[in-house]
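Student: Here is my input, please return the structure:
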Amino acid sequence: MKKIIITITTVLLIKVTFAQNALVNTAGSKYAQLSGVGISDVQWTKGFWAERFVVCRDSMVPHLWATYTSKDICYAFQNFRVAAGLDTGKFRGPSFHDGDFYKTLEAVAGLYATTKGKKLDEIMDNAITVIAKAQKDDGYIYTKSIIEQKKLGSTKMFDDKLSFEAYNFGHLMTAACVHYRATGKTSLLSIAKKATDFLITFYNNASPEQARNAICPSHYMGITEIYRTTGDKKYLDLVKKLIDIRGASEGSDDNSDRLPFRQMKEVNGHAVRANYLFAGAADVYAETGDASLLSTLDLMWDNVVNQKMYVTGGCGALYDGLSMEGISYKPDSIQKIQQAYGKDYQLPNKTAHNETCANIGNVLWNWRMLQLSADAKYADVIELCLYNSVLSGISLDGNKFFYTNPLAASKDYPYDLRWSGGRSNYISKSNCCPPNVIRTIAETNNYLYSVGENGLYINLYGGNKLSTQLEDGSRLRLEQQTKYPWEGNISITLNGVTSKPLAINLRIPAWCKNYSLNVNGKTQPASALVKGYLRLKRAWKAGDKIELVLDMPATLLESNPLVEETRNQVAVKRGPVVYCLESPDLQGANVFDVVIPSTIKFQPVPMRIDIGNVIALTGEARLMQNNHWEDALYKELNTTTKPVKIKMVPYYAWANRGQSDMTVWMPLMR
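Tutor: Numbers count the residues shown, from 1 in each chain. Have a look, this model is predicted:
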């Protein structure tokens, strides 16, 4: 049984003014208990996330930037050039292409925050100059409309309910705040403020129909972050208004606005749009303390996590479906939904949609809920998503992508699914996920720590150096060393502290059933967790060490029996990592013929897939014999099995050896 050992040593605390430059800046949010550390405060060193960050720096971001600034693959930046009058041509690509480029720009800014690479700064400056030229004098910036307006003389805005104008604005705002915090420059922030001011004027005069034309409301997060960055209350007033007008005119289940937000009883419709909505509403609660918002958020969180979320943290079971809000005897009230949450416990495997952007939305939402509450249950979801349904969206070499993230795949599946067929360098019809997953990986270091009146919170574990500022203005430096999630040794070194007592809150993951704690080599008595955190408060001295040992056995998970697709099946999880069985590791046999004995013992073994080092799990299972179906719908039960050695790989690493069959859930032999 592998164990996780965490060693912590204390550092220098210096009194300074409390900084306000976190990725999501809740430092001044009255109703948030925590705030993230500064955007440049955490540097990866060695281990799992350090390796992913190197790939992000050397492959992901360069590949993404080359793609999004090209003229023959993706036209996102070229659209800005045409809108700015620097080139000729027509708008090309989907209507959310502007937002994709802003996410790309944010990924570069996130990378710059920790590397301070001069070339990164230069390419951002050049791109921002073009964006500024594309923006209209009134602040409006949507290249599709600007290009069309120049050609046709049209002045229409926000008239198309399928338009992504507000979504694009939102990603501009978020990217601008990240860029400002990473570089100290206001060039992109000025563009975003001007665009947000345009929205204020627009929404003061918009019709109810125009006001609700806000697909995928990233702008709720963006506007709130603009408010936090500038301190100007007019931006908070705007985002409050936008929450209030949802459902005021005819909406749709697909967009989660058939009903006013505060009247929602369950999650329904497009999973990305829903998760972005919930993240934005959490931001607004952090600033206003509106209990009616938090009540709905709690209800939605419970519905997602306990009835609609996959074991990988994936969100959105359905490619296409019908909404639940309609009434069966009033067919007109039933609406089509897409890329959507299904009914409670409706969690198919081969046809699971689980868009990468939806899974990232789950991270964004839960990060904000964690800052509001200091409750580790939200960090558990963040960790689950990051290691599984987010990382699965990008190849190990960093330049091939998944739009959807199913829990099973088969070459014999009788239907063609959209975005199926393996990973792609560029998802031509909808490439929103690649820039989203790359900006997330570039910014993952921001999720490790939070600070609050009860000290430092360690939310996630990974090899890094931290140099940050606590709420009282004291400086704190740590170095954490670990092979987590594969092994347990985590060493955090702090080089001196003041005599003032400091609480260090260590998250005990929900999957961990046994742990122990040492301070300076002395075993500490068990103590009650505080919302999932183990709190150590004392006057630390230089050289102090904390060792936290978390048991990490491979375990078999079963689903609620109401999940029909996985009844009498099991999934395998070790620590935060979900595993799958993939055809390259089961030559001459079908992965869907493997049966898992309830007594199986797994052995962790090192393995290399493409450029990635992983820990695989080996064990002895059973293989069904002569399990041939041909064209039969039913056949007599075959109980003949034989022993078979299996090797399971982390779910996020599947499909890195070409197109393959894969399954997370397998039949159980009790």
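Student: Could you pull out the buried residues of stretch 127-140?
Tutor: Residues of stretch 127-140 classed as buried: 127, 128, 130, 131, 132, 134, 135, 136, 139, 140 (neighbour count, 16 or more other CB atoms under 10 Å). Yep, even glycine has a C-beta here, placed from its N, CA and C like the rest.
Student: for stretch 485-504, same thing?
Tutor: The neighbour-count check on stretch 485-504 (16+ other CB under 10 Å) flags 485-488, 490-494, 497-498, 502-504 as buried.
Student: Could you let me know which of the buried residues of stretch 127-140 ends up closest to residue 670?
Tutor: For those, the minimum distance to residue 670 (CB to CB) is 58.4 Å, reached by residue 127.
Student: How about the contacts made by that closest one?
Tutor: Contacts here follow CB atoms under 8 Å, 6 or more residues apart in numbering; on that basis residue 127 touches 69, 77, 80, 101, 105.
Student: Report the secondary structure state of residue 647.
Tutor: Local secondary structure at residue 647 is given as strand here, using DSSP: H, G, I helix; E, B strand; the rest coil.
Student: Which strands or helices does the helix or strand where residue 109 lies pack on?
Tutor: In this structure, residue 109 is located in helix 97-115 according to DSSP states H and E. Based on contacts counted as 3 or more CB pairs under 8 Å, 6 or more residues apart in numbering; DSSP states H and E, the elements that helix 97-115 packs against are strand 42-44, helix 61-68, helix 76-83, helix 118-134, helix 143-152, helix 165-183, helix 433-442.
Student: 6 Å instead, please
Tutor: Counting contacts by 3 or more CB pairs under 6 Å, 6 or more residues apart in numbering; DSSP states H and E, the secondary-structure elements packed against helix 97-115 are helix 61-68, helix 76-83, helix 118-134, helix 165-183, helix 433-442.
Student: so which of those gets nearest residue 32?
Tutor: Distances from residue 32 to each of the helices and strands packed on helix 97-115 were compared using CB to CB; the minimum, 16.2 Å, belongs to helix 165-183.
Student: ok, and what's touching that closest one?
Tutor: Among residues not part of helix 165-183, those counted as contacts by CB atoms under 6 Å, 6 or more residues apart in numbering are 21, 39, 96, 98-99, 102-103, 105-106, 109, 112-113, 142, 158, 188-189, 192, 195, 214-216, 218-219, 222, 225-226, 229.
Student: Can you name the next helix or strand after that helix?
Tutor: Using DSSP H and E, the helix or strand that directly follows helix 165-183 along the chain is helix 187-205.
Student: That following helix: which residues count as buried?
Tutor: Within helix 187-205, the residues that qualify as buried are 187-189, 191-199, 202-203, counting by 16+ other CB under 10 Å.
Student: now stretch 440-451
Tutor: Counting neighbours by 16+ other CB under 10 Å, one finds that the buried residues in stretch 440-451 are 440, 441, 442, 443, 444, 445, 446, 447, 448, 449, 450, 451.
Student: Could you check how far the first one is from residue 447?
Tutor: Spelled out, that is residue 440. Computed as CB to CB, to the nearest Å, the residue 440 to residue 447 distance reads 9 Å.
Student: before we move on, the earlier item: with respect to residue 655, which of the buried residues of stretch 127-140 is nearest?
Tutor: If you rank these by distance to residue 655 using CB to CB, residue 127 comes first, at 31.9 Å.
Student: okay, among the buried residues of stretch 485-504, which ones form the most distant pair?
Tutor: Those two in these that are separated most widely, counting by CB to CB, are 486 and 498, at 35.9 Å.
Student: Tell me where the model's unsure across the protein.
Tutor: 1-20, 159-162, 208-213, 324-333, 419, 421, 496, 498 (pLDDT under 70).
Student: hey, which strand is longest across it?
Tutor: Longest strand in the chain, counting residues (DSSP state E): strand 612-624.
Student: From the contact counts, what lies against that one?
Tutor: Helices and strands touching strand 612-624, by 3+ CB pairs under 6 Å, 6+ apart, are strand 594-597, strand 603-609, strand 641-650.
Student: deepest of these, which one?
Tutor: Neighbour counts averaged per stretch over those are highest for strand 594-597, at a mean of 19; criterion: mean count of other CB atoms under 10 Å.
Student: and it, what other elements does it pack with?
Tutor: Judged by 3+ CB pairs under 6 Å, 6+ apart, the packing partners of strand 594-597 are strand 612-624, strand 666-669.
Student: Tell me which of those strands lies nearest to residue 565.
Tutor: Across the helices and strands packed on strand 594-597, the minimum distance to residue 565, taken as CB to CB, is reached by strand 666-669, at 12.1 Å.
Student: Show me the strands paired with the closest one, marking each as parallel or antiparallel.
Tutor: Sheet neighbours of strand 666-669, with direction, are listed as strand 569-574 (antiparallel), strand 594-597 (parallel) (DSSP bridges).
Student: Can you give me the buried ones in that strand?
Tutor: Of all the residues in strand 666-669, those buried under the rule 16+ other CB under 10 Å are 666, 667, 668.
Student: go on, stretch 261-269?
Tutor: In stretch 261-269, the ones that count as buried by 16+ other CB under 10 Å are 261, 264, 266, 267, 268, 269.
Student: so who does the residue nearest to the first one when sequence neighbours are not counted touch?
Tutor: By that I understand residue 261. Once flanking residues are discounted, residue 261 sits nearest to residue 246: 5.0 Å by CB to CB, 6 or more residues apart in numbering. Counting by CB under 6 Å, 6+ apart, residue 246 touches 257, 260, 261.
Student: Name the nearest of the residues you listed relative to residue 627.
Tutor: When the contacts of residue 246 are compared for distance to residue 627, the smallest value, 47.4 Å, is given by residue 257; criterion: CB to CB.
Student: Run a quick neighbour tally on the closest one.
Tutor: Other residues within reach of residue 257 by the criterion other CB atoms under 10 Å amount to 24.
Student: Show me the buried residues of stretch 261-269 that map onto strands.
Tutor: Counting by DSSP E, the part of those found in strands is residue 269.
Student: Let's have the buried residues of stretch 261-269 in TSV, adding distance to residue 286.
Tutor: Output for the buried residues of stretch 261-269, formatted as TSV (distance: CB to CB, whole Å):
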residue	distance to residue 286
261	16
264	19
266	24
267	21
268	25
269	24
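Student: Mind jotting down where the strands sit in the stretch 401-550 of the chain?
Tutor: According to DSSP state E, counting those that start in this stretch, the stretch 401-550 of the chain carries its strands in the segments 408-409, 449-452, 455-458, 464-469, 475-481, 488-493, 502-507, 515-519, 522-523, 533-538, 546-551.
Student: Can you give me the buried ones in stretch 252-259?
Tutor: 252, 253, 254, 255, 256, 257, 258.
Student: Would you reformat the residues you listed as JSON lines and include distance to residue 390 and secondary structure?
Tutor: Putting the buried residues of stretch 252-259 into JSON lines (distance: CB to CB, whole Å; DSSP: H, G, I helix; E, B strand; the rest coil) gives the following:
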{"residue": "252", "distance to residue 390": "27", "secondary structure": "coil"}
{"residue": "253", "distance to residue 390": "26", "secondary structure": "coil"}
{"residue": "254", "distance to residue 390": "23", "secondary structure": "coil"}
{"residue": "255", "distance to residue 390": "24", "secondary structure": "coil"}
{"residue": "256", "distance to residue 390": "22", "secondary structure": "coil"}
{"residue": "257", "distance to residue 390": "26", "secondary structure": "coil"}
{"residue": "258", "distance to residue 390": "29", "secondary structure": "coil"}
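Student: Nearest to residue 304 among those residues?
Tutor: Once CB to CB is applied, the member of those that ends up nearest residue 304 is residue 256, at 12.3 Å.
Student: if I pick the residue sitting nearest the centre point of the chain, what's in contact with it?
Tutor: Nearest to the mean C-alpha position of the chain, counting by CA atoms, centre = their mean, stands residue 360 at 2.3 Å. Applying CB under 6 Å, 6+ apart to residue 360 gives the contacts 390, 436, 440.
Student: again, 10 Å this time
Tutor: The contact partners of residue 360, by CB atoms under 10 Å, 6 or more residues apart in numbering, come to 103, 272, 275-276, 315, 385-386, 389-390, 393, 433, 436-437, 439-440.
Student: Since that was my last question, I'll sign off now.
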